[in-house]
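> Next come a sequence and a model predicted from it.
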Amino acid sequence: MKYWLCIANEKNWGVVKEKNIWGVSGRHKNQLNKVEVNDLLVLYLRQEKVNDKVFPSRISGIFKAVSKPFKDEKKIFSPIIGEEIFPCRVKLEPVITPKEPIEFKPLIQKLNFITNKKVWASHLLGKAIKPIPKEDFELIKKELVG
């Protein structure tokens, strides 16, 4: 079993919750294709401003992959840039989805995959999916359940 940090925005988090599907652009296909059934995916929501509200970076839940990655061109996700439809997808099953996401920044000092704590965002920049060690997954899981 592998553990993954999956990056999304606020609108696409709504799609994940509603449809239990997560998707990435074609340029992240090779990384997504490493996901196997029963792998665990931690959903990370990037910091963004929606209307007048600023949402901090946060963790919104843990999901289990219940399908192999597949391609689907149906437009269900909101593009971040341009007309991207995130056609490389995987079906999910919720494992832990707290009522409210937890903030990510308080976890940074404890996470092993973030080696440069001062410039932590560089570990996520340009990524859609990133493998994380089991220890980091367990830490995030513990924080999500309180």
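Thanks, I have the structure now.
> what's the nearest residue to Leu92 if we skip its chain neighbours?
The shortest distance from Leu92 to any non-neighbouring residue, by Cβ to Cβ, 6 or more residues apart in numbering, is to Phe63 (3.9 Å). For the C-beta atoms, the positions are set from N, CA and C on the backbone; glycine is no exception.
> Tell me if I'm right that the one you found and Asp39 touch.
No. Using Cβ atoms under 8 Å, Phe63 is not in contact with Asp39, being 9.5 Å away.
> Can you pick out the residue with more neighbours from the two?
Phe63 (26 against 17; other Cβ atoms under 10 Å).
> Quick check: bridge partners of the more buried one?
For Phe63, the beta-bridge assignment (DSSP bridges) gives partners Leu41, Pro94.
> any idea how far it is from Glu93?
6 Å (Cβ to Cβ, to the nearest Å).
> Spell out which residues are contacts of both of these two.
Asn20 (Cβ atoms under 8 Å, 6 or more residues apart in numbering).
> Select the longest helix from the protein.
Longest helix in the chain by number of residues (criterion: DSSP state H): helix 134-145.
> mean confidence score for that helix?
For helix 134-145, the mean pLDDT works out to 97.
> ditto for stretch 35-42
98.
> Make residue 1 into 55 and carry on from there
I'll keep to 55 as the first residue from here, and by that count the last item is stretch 89-96.
> buried stuff in that stretch?
Residues of stretch 89-96 classed as buried: Val89, Asp93, Leu94, Leu95, Val96 (neighbour count, 16 or more other Cβ atoms under 10 Å).
> again, but for stretch 79-89
In stretch 79-89, counting by 16+ other Cβ under 10 Å, buried: Ser79, His82, Gln85, Leu86, Val89.
> Looking at the buried residues of stretch 89-96, which two lie furthest apart in space?
Farthest pair in the buried residues of stretch 89-96 (Cβ to Cβ) is Val89 and Val96. Separation: 12.4 Å.
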